[in-house]
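S.K.: how would this look folded up:
(2 chains)
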There are 2 protein chains.
Amino acid sequence: MGPEMRQLFDHYNSQCDTETEDVHKQKGPWIRLPSYNRSLKYATGGVYLSKMIQSKSRLFTRNIYQEGAAFEYVIFVNKEEQKSVCLFQAGHLLEGPPGHVHGGAIATMIDTITGTHVSFLSGLVVTANLNINYRSAIPLGSTVLLESTLDKSEGRKTFVNCKVTSSDGSKVHTDATALFVSINLSHLVGM
Amino acid sequence: MGPEMRQLFDHYNSQCDTETEDVHKQKGPWIRLPSYNRSLKYATGGVYLSKMIQSKSRLFTRNIYQEGAAFEYVIFVNKEEQKSVCLFQAGHLLEGPPGHVHGGAIATMIDTITGTHVSFLSGLVVTANLNINYRSAIPLGSTVLLESTLDKSEGRKTFVNCKVTSSDGSKVHTDATALFVSINLSHLVGM
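M.R.: Below you'll find the predicted structure:
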């Protein structure tokens, strides 16, 4: 984790719920979401889940272990504002244009933060549409901020938008809209 | 390369230009595009190119060497029909929903095939917009076909569409439109 990433992390982490024995618990507006493997570890789901854990399949954004080389990120959710942020440090294995992050890697992080956000609000969903405008390239090695905001929900559909900015929010690199559709786990694994 | 991937590869490869000493050269409608590293090896570009080759940065879709684990693909361009196809075998490290390919990995391949296609037609470009409809999930391990078709060119803008289908073309997994904008290399590296 680079110093810029660490600073942002501390900023959001300090506003999170703290688990304490004190009667006057400090309740912050943000929740830090557990990472993929941690969620799986504590989840319940019988035979399918057991298969998933034993499978050699690996979440796309977590398939490279070398620190700082690929997708370094952490996600926070704001309960009241129905907003999520993702701090993302783009490693040197994500190259598209020379020295800059691949459009597909940016799409991957947009899908990840918006999908995680909507899952938090609506349970299990799949991506139905991503519409992404690439406005300025992201240099490899830099830390950017992704913000996912809820637009509306209609039945099984949830609409969100996502903005990718420089870490201080001053420069918009990318903006996008995303549509997710609620499904059952049985539907997915039976496909 | 799995048998399905091999069959598709042979299908397109057999229709490619053959380099032969024979006077009656067999000229096929397709060209197989060289892979990233091979292009770089034979390209010219002075100091920037030299920097790129020496850099530890790695093209996003080629950052995992383990065969069959991540992005296995090959791209063909049809000169007359201004169409490109990409054969893509999705490895187990590209997981999103359990047992299926991550939406971001699909976006990555769409960006790659459409971008390569447009570069072939118009020279150096960057992605300006991707609009992707996910219609049915792609199982990990399967081979799919991506087809990029030119819609129109307007000044520096080129519009293409892309369809992701099962290898026999019967099932549409994803469809998308993409917009690319022509740039100079100096513009990109000076950014």
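
S.K.: the bottom helix or strand of chain A by mean pLDDT?
M.R.: helix A:36-42 (a mean of 50; mean pLDDT, DSSP states H and E).

S.K.: is it true that residue A:102 touches residue B:111?
M.R.: Yes. The pair residue A:102 and residue B:111 qualifies as a contact (C-beta atoms under 8 Å) at a distance of 7.1 Å. No exception for glycine: its C-beta is placed from N, CA and C like everyone else's.

S.K.: what's the overlap in contacts for these two?
M.R.: residue A:96 (C-beta atoms under 8 Å, 6 or more residues apart in numbering or on different chains).

S.K.: Residue ranges in chain A under the pLDDT threshold?
M.R.: Residue ranges of chain A with pLDDT under 70: A:18-27, A:35-54, A:185-191.

S.K.: switch the cut-off to 50
M.R.: Along chain A, segments meeting pLDDT under 50 span A:23, A:38-39, A:41-42, A:191.

S.K.: what comes up buried for stretch A:80-95?
M.R.: A:83-95 (16 or more other C-beta atoms under 10 Å in any protein chain shown).

S.K.: for that stretch, how far is the first residue from the last?
M.R.: This stretch, stretch A:80-95, spans 36 Å end to end (C-alpha to C-alpha, to the nearest Å).

S.K.: touching chain B at all, it?
M.R.: Yes. Against chain B, stretch A:80-95 shows contacts by C-beta under 8 Å from any C-beta of the partner chain at A:92, A:93, A:94, A:95.

S.K.: would CSV of those residues with distance to residue A:13 and secondary structure be doable?
M.R.: Putting the residues of stretch A:80-95 next to chain B into CSV (distance: C-beta to C-beta, whole Å; DSSP: H, G, I helix; E, B strand; the rest coil) gives the following:
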residue, distance to residue A:13, secondary structure
A:92, 26, helix
A:93, 26, helix
A:94, 24, helix
A:95, 29, strand
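
S.K.: ok, of those residues, which one's closest to residue B:132?
M.R.: Checking those against residue B:132 by C-beta to C-beta gives residue A:94 as the nearest, at 18.8 Å.

S.K.: pretty sure the closest one contacts residue A:105?
M.R.: Yes. Taking contacts as C-beta under 8 Å, residue A:94 lies within contact range of residue A:105: 4.1 Å.

S.K.: hey, what's in contact with both of those two?
M.R.: Between them, residue A:94 and residue A:105 share these contacting residues under C-beta under 8 Å, 6+ apart: A:71, B:60.

S.K.: so where do the strands sit in chain A?
M.R.: In chain A, the strands defined using DSSP state E lie at A:30-32, A:71-78, A:83-90, A:125-134, A:143-154, A:157-166, A:172-182.

S.K.: Out of those, which one sits most buried?
M.R.: Greatest average neighbour count among the strands of chain A goes to strand A:83-90 (a mean of 24), per mean count of other C-beta atoms under 10 Å in any protein chain shown.

S.K.: All good on my end, thank you.
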